[in-house]
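Undergrad: 3D, please:
(chains A, B, C and D)
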2 protein chains.
Amino acid sequence: MTHTPPPNPSIADVKQLIHSEARRVTSYDVASAAGVSQSAVSRCFKPGASVSKATYARVMQAATELDYTPNAAARSLITRRSNLIAVVLSDIVTLHYPQILSELSRQFGQQGMRVLLFSLAREGDIGATLADIWQHQVDGALLAATLSAPQAAEFERRRIPFVLFNRTLREGAVNAVVCDQVQGARLLVSRLAAAGHKRFAMIDGPHDSAVAQERKRGVAARLAELGLAAPLIVSGDYDYASGGRGLREIIAGLGGLPDAVMCGNDLMAIGCLDTARHELGLDVPGQLSVTGFDGMAPAGWLSYKLTTLRQPVQSMTLAASAMLTGLICSSGGCPERRVFSAAVVEGATARLGPGA
Amino acid sequence: MTHTPPPNPSIADVKQLIHSEARRVTSYDVASAAGVSQSAVSRCFKPGASVSKATYARVMQAATELDYTPNAAARSLITRRSNLIAVVLSDIVTLHYPQILSELSRQFGQQGMRVLLFSLAREGDIGATLADIWQHQVDGALLAATLSAPQAAEFERRRIPFVLFNRTLREGAVNAVVCDQVQGARLLVSRLAAAGHKRFAMIDGPHDSAVAQERKRGVAARLAELGLAAPLIVSGDYDYASGGRGLREIIAGLGGLPDAVMCGNDLMAIGCLDTARHELGLDVPGQLSVTGFDGMAPAGWLSYKLTTLRQPVQSMTLAASAMLTGLICSSGGCPERRVFSAAVVEGATARLGPGA
DNA sequence: TTGTAAGCGTTATCAC
DNA sequence: GTGATAACGCTTACAA
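TA: Prediction:
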């Protein structure tokens, strides 16, 4: 019994050879089984290459029978395209996570790109992750995490296009898709003030969250403009428990109820609402108005009907993936920010006055 | 001005050369800047290789200044390890998505492996995705989606270890981490029956969901054992709206209220609960008991306190990632199933009798 | 249209 | 400990 392959091996011969050597199927195997050159095989897998119908058929037949699949690593080595997109999410995004990710995976998938996922423990933890991103030679990155200026610069230096999601750089222009948190916050304050609310309190998000900072800023600015007292601000962690804890802290701080509690996100608003109603026996919005931010699904559930600001997550996700694929294909152009507006969801947890 | 590099180029020389040629930094560049051979550079980036301290320092200095990062594609080509794990989720898993993904990303990350994400539109849609998985030569796969026997066989043939999450194959042994849905369902039925419930109804999950099938099976089997009437089963989509719709359908079908409505997951249970209380003005659990499945966070919120079965998602995720990394390192061994139990969360939406 | 051959950037093997 | 040199599996001129 010899292991030397016959000069014109059949598909079965090749199959057995591969099996006996316990290795993966390569384009050479397909070529030898189909009786063509290796480059012919390669061309058959490249859309729009020039191959005769007969050759194509023979190659595909062999490829199918041998379970051949091109090796992405080898391809990426020569083409300098990995077809990989790094998606970096800080755990805080948790709310829209599923929606964002499945949408991104779908969008990029349609362009033949795959999502390489990086999940950060904390908002600012991207540092250690960067090395991994470089190694995998991703074609682009979508970042929902805080990026420092030097880190952004390194993306530039390596010529890796990136888009920030709901984040911007303090200085320097970068591509970003954001929701105007400040505008939204101002709008909500206006509507609340128009309904006669005077004493405001706020449950703030984590200190390292850029989005939380903007929301807080918008609220404070609009209150000042309206000549109303600055809100009592307590801090929260964007989670359900923070909402209840925050409310108690506010009541203790004020020695009574404020007119409105504005929460940094829906999750805290729901926690605040539940504590107000079920633990403190308060009437919302009768005695107290409660508002959120985000417009996540549970906010619309019948038990809550939360008054909140909806971010157009779907549109933002779409815009971000489109922007990134655009950057990858036609590299160049100057940085662009696409700013979406948040819309007030009237709900039933706050008395609102007329819009501006 | 010449572009020929000097015989002993400085780091700055090399830097400029790379820049002028607009290419990525390779180990050759680092080698030439550090005045060593390319293989020396390679060794410096391989943990536990034999390099002298002096060489290591020189190489690292040059590497840092040049922003050199090894190319994962080239490495993967020669080592036959991509350090990539395919994680395939059907959209239905949406509930625990964030928790599962961030945990997996963390776990695999600690082993130096990255998560390549595939999000399926439907439970059974893995077919088209497989070709992508093969291309990227993943070292292993974690699948929370239905896999057919031939598909499983192809994983075997390609020697790619895989672990099913909350799924099993109808025939044939595979590695899997599951929660015993049947046992959980039976337990819950027992507790409900012990409290005197007689007429049961059920809002089922999607037909293509294996988990939903098992839950339904467990409920039906236990009811039969107890000599109770078979439940009225209406179908749902695992979403919030399905819960309310299902409840109405049940009431219409029975011409009145059942004693208990068991929902295929928490989301539908919450929808059912909201409709019962806020639209139909029913007293839950006074007039009607409602139960869920999963134990997702909102089930515990004060407005719901849902009676449900908690799946130990954290433990399951941990087990799955550990199992997969185990399979990758020490290939071989016979298929194993790790079965976790669901625990009853008593909540406040159903009257429960004593446990068995 | 097809085949030949030169890389892509690593790691691995082997002398030295 | 170090440096040649041969893979790894593919794409892509270029020649036929």
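Undergrad: residues near residue A:207, how many?
TA: Residues near residue A:207, counting by other CB atoms under 10 Å in any protein chain shown, number 9. Bear in mind the C-beta positions are built from the backbone N, C-alpha and C, glycine included.
Undergrad: remind me which residues of the stretch 101-250 of chain A are low pLDDT?
TA: Judged by pLDDT under 70, the stretch 101-250 of chain A has no weakly predicted residues.
Undergrad: pull the contacting residues for the residue in it positioned nearest to DNA strand D.
TA: The stretch 101-250 of chain A approaches DNA strand D most closely through residue A:112 (12.0 Å), counting by CB to the nearest atom of the strand. By CB atoms under 8 Å, 6 or more residues apart in numbering or on different chains, the contact set of residue A:112 is residue A:83.
Undergrad: which SS class is it?
TA: coil (DSSP: H, G, I helix; E, B strand; the rest coil).
Undergrad: again with the one 10 residues further on
TA: Here residue A:122 is recorded as coil under three-state DSSP.
Undergrad: OK, contacts around the closest residue to residue A:229 other than its chain neighbours?
TA: The spatial neighbour of residue A:229 that comes closest, neighbours along the chain excluded (CB to CB, 6 or more residues apart in numbering or on different chains), is residue A:199 at 6.6 Å. By CB under 8 Å, 6+ apart, the contact list for residue A:199 reads A:229, A:254, A:258, A:259, A:260.
Undergrad: 10 Å instead, please
TA: A:228, A:229, A:231, A:232, A:254, A:256, A:257, A:258, A:259, A:260 (CB atoms under 10 Å, 6 or more residues apart in numbering or on different chains).
Undergrad: equivalent analysis for residue A:304, please.
TA: Here residue A:304 is in contact with A:266, A:269-270, A:273-274, A:277, A:284, A:290, A:292, A:298, A:347-349, B:274, B:301, B:303 (CB under 10 Å, 6+ apart).
Undergrad: next, it: phi, psi?
TA: Dihedral pair for residue A:304: phi -120, psi -60, per degrees, to the nearest 10.
Undergrad: before we move on, back to that, and of the contacts of residue A:199, the nearest to residue A:157?
TA: residue A:231 (42.7 Å; CB to CB).
Undergrad: I'd say that closest one and residue A:193 touch.
TA: No: Residue A:231 is beyond contact range of residue A:193, at 11.7 Å (criterion: CB atoms under 10 Å).
Undergrad: okay, and the common contacts of these two?
TA: Joint contacts of residue A:231 and residue A:193 (CB under 10 Å, 6+ apart) are A:200, A:223, A:260.
Undergrad: most neighbours out of those residues, which is it?
TA: residue A:260 (27 neighbours).
Undergrad: now do the same contact list for that residue.
TA: A:188-189, A:192-193, A:195-202, A:231, A:285, A:288-291, A:307, A:349-351.
Undergrad: for residue A:171, same thing?
TA: A:149, A:152.
Undergrad: tell me which element it is part of?
TA: Using DSSP states H and E, residue A:171 sits in no helix or strand.
Undergrad: and the gap between it and chain B?
TA: 22 Å (CB to the nearest CB, to the nearest Å).
Undergrad: now the phi/psi pair for that residue, please.
TA: According to degrees, to the nearest 10, residue A:171 has phi -130, psi 160.
Undergrad: if residue A:309 is in a bridge, with which residues?
TA: Counting by DSSP bridges, residue A:309 is bridged to residue A:344.
Undergrad: surely it is in contact with residue A:296?
TA: No: applying CB under 10 Å, one finds residue A:309 not in contact with residue A:296, separated by 11.1 Å.
Undergrad: who has more neighbours out of those two?
TA: residue A:309 (26 against 22).
Undergrad: what about residue A:261, helix or strand, and which?
TA: Assigned by DSSP H and E, residue A:261 falls in strand A:260-263.
Undergrad: just the CA trace of that strand, in PDB.
TA: The C-alpha trace of strand A:260-263 is given here as PDB (Å, rounded to 0.1, in the frame of the first residue of the first chain):
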ATOM      1  CA  ALA A 260     -40.200  65.900  39.600                       C
ATOM      2  CA  VAL A 261     -37.500  63.300  39.700                       C
ATOM      3  CA  MET A 262     -35.600  63.000  36.400                       C
ATOM      4  CA  CYS A 263     -33.700  59.800  36.100                       C
END
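Undergrad: in stretch A:68-87, which residues are buried?
TA: A:68-77, A:82-87 (16 or more other CB atoms under 10 Å in any protein chain shown).
Undergrad: what's the neighbour count on the residue nearest to residue A:97 when sequence neighbours are not counted?
TA: Spatially, and ignoring its direct neighbours in sequence, residue A:97 is nearest to residue B:98 (4.1 Å; CB to CB, 6+ apart). Residues within reach of residue B:98, counting by other CB under 10 Å, total 20.
Undergrad: and what of residue A:249?
TA: Residue A:249: 17 neighbours (other CB under 10 Å).
Undergrad: ok, now which ones touch it?
TA: Contacts of residue A:249 (CB under 10 Å, 6+ apart): A:201, A:203, A:232, A:234, A:235, A:236, A:242.
Undergrad: what's the helix or strand for the last one?
TA: The one in question is residue A:242. Take DSSP H and E as the rule and residue A:242 turns out to sit in helix A:240-254.
Undergrad: go through that helix and flag the buried ones.
TA: Within helix A:240-254, the residues that qualify as buried are A:240, A:242, A:243, A:244, A:245, A:246, A:247, A:249, A:250, A:251, counting by 16+ other CB under 10 Å.
Undergrad: among these, which two are most distant?
TA: Within the buried residues of helix A:240-254, A:240 and A:251 form the most distant pair, 18.2 Å apart (CB to CB).
Undergrad: ok, residue A:119 touching residue A:86?
TA: No: counting by CB under 10 Å, residue A:119 sits too far from residue A:86 to count as a contact (11.5 Å).
Undergrad: now the closest residue to DNA strand D within the stretch 251-356 of chain A: how far from chain B?
TA: Residue nearest to DNA strand D within the stretch 251-356 of chain A (CB to the nearest atom of the strand): residue A:329, separated by 14.4 Å. Noted for residue A:329: a distance of 18 Å to chain B, by CB to the nearest CB.
Undergrad: surely that residue touches residue A:111?
TA: Yes: using CB under 10 Å, residue A:329 is in contact with residue A:111, at 8.7 Å.
Undergrad: any residues in contact with both of those two?
TA: In contact with both residue A:329 and residue A:111: residue A:139, using CB under 10 Å, 6+ apart.
Undergrad: between those two, which one's more packed in?
TA: Neighbour totals were compared for residue A:329 and residue A:111, and residue A:111 leads with 16 against 10 (other CB under 10 Å).
Undergrad: now the more buried one: closest residue in space, sequence neighbours ignored.
TA: That would be residue A:325: by CB to CB, 6+ apart, it lies 5.2 Å from residue A:111.
Undergrad: so where does that neighbour fall, helix or strand?
TA: Using DSSP H and E, residue A:325 falls within helix A:313-329.
Undergrad: which other residues reach the following helix or strand past that helix?
TA: As assigned by DSSP H and E, the chain's next helix or strand after helix A:313-329 is strand A:337-340. With contacts defined as CB under 10 Å, 6+ apart, strand A:337-340 is touched by A:163-164, A:166, A:168, A:173-180, A:183-184, A:311-313, A:315-316, A:319-320, A:322-323.
Undergrad: returning to what we had before: for the residue nearest to residue A:229, grab phi and psi.
TA: Dihedral angles for residue A:199 - degrees, to the nearest 10 - are phi -90, psi 110.
Undergrad: cool, and the one 10 residues further on?
TA: Here is the backbone geometry of residue A:209 (degrees, to the nearest 10): phi -90, psi 120.
Undergrad: what's the spacing between it and residue A:216?
TA: For residue A:209, the distance to residue A:216 equals 10 Å [CB to CB, to the nearest Å].
Undergrad: and the helix holding residue A:325, what's its mean pLDDT?
TA: Helix A:313-329 shows an average pLDDT of 95 in the prediction.
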